[in-house]
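Participant: Dropping a prediction and its sequence here:
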Amino acid sequence: MKVLDDPLSAVQRSAVQTRRRVARVDGMWERDLVCLLRSAQVIARSRTLLDQPLPTARPQVGPDRSS
């Protein structure tokens, strides 16, 4: 006759599996959050650059151009 696992060890195995799943999901959330924060930083930098006025080209004064 096959010896069945006692209920306590089955619960312990289930708890270990659940902790592993939670850790894996937690890691995925952390990676997603890091990606979102990096994207937000890029967007903020882009907006800052877009809000700055464009440099105006200075007219060049040379020997062939008189001002």
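Facilitator: Alright, I've got the coordinates. Since we're looking at a predicted model, the values are computed, not measured. Residues are numbered from 1 along each chain as shown.

Participant: pLDDT below threshold where in this protein?
Facilitator: Residues of the chain that meet the criterion pLDDT under 70 lie in 1-5, 59, 62-67.

Participant: Now do the SS call for Q60.
Facilitator: For Q60, the secondary structure call by DSSP: H, G, I helix; E, B strand; the rest coil comes out as coil.

Participant: Return stretch 22-33 as PDB; C-alpha atoms alone will do.
Facilitator: Taking Å, rounded to 0.1, in the frame of the first residue of the first chain, the C-alpha atoms of stretch 22-33 are listed here in PDB:
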ATOM      1  CA  VAL A  22       4.100  35.600  -5.100                       C
ATOM      2  CA  ALA A  23       7.900  36.200  -5.400                       C
ATOM      3  CA  ARG A  24       7.800  35.800  -9.200                       C
ATOM      4  CA  VAL A  25       4.800  38.100  -9.600                       C
ATOM      5  CA  ASP A  26       6.500  40.600  -7.200                       C
ATOM      6  CA  GLY A  27       9.600  40.600  -9.400                       C
ATOM      7  CA  MET A  28       7.500  41.200 -12.500                       C
ATOM      8  CA  TRP A  29       5.700  44.100 -10.900                       C
ATOM      9  CA  GLU A  30       9.100  45.600  -9.800                       C
ATOM     10  CA  ARG A  31      10.500  45.300 -13.400                       C
ATOM     11  CA  ASP A  32       7.300  46.900 -14.800                       C
ATOM     12  CA  LEU A  33       7.500  49.700 -12.200                       C
END
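
Participant: Show me the contact partners of it.
Facilitator: Here stretch 22-33 makes contact (CB atoms under 8 Å, 6 or more residues apart in numbering) with no residue beyond itself. (C-beta placed from N, C-alpha, C; glycine too.)
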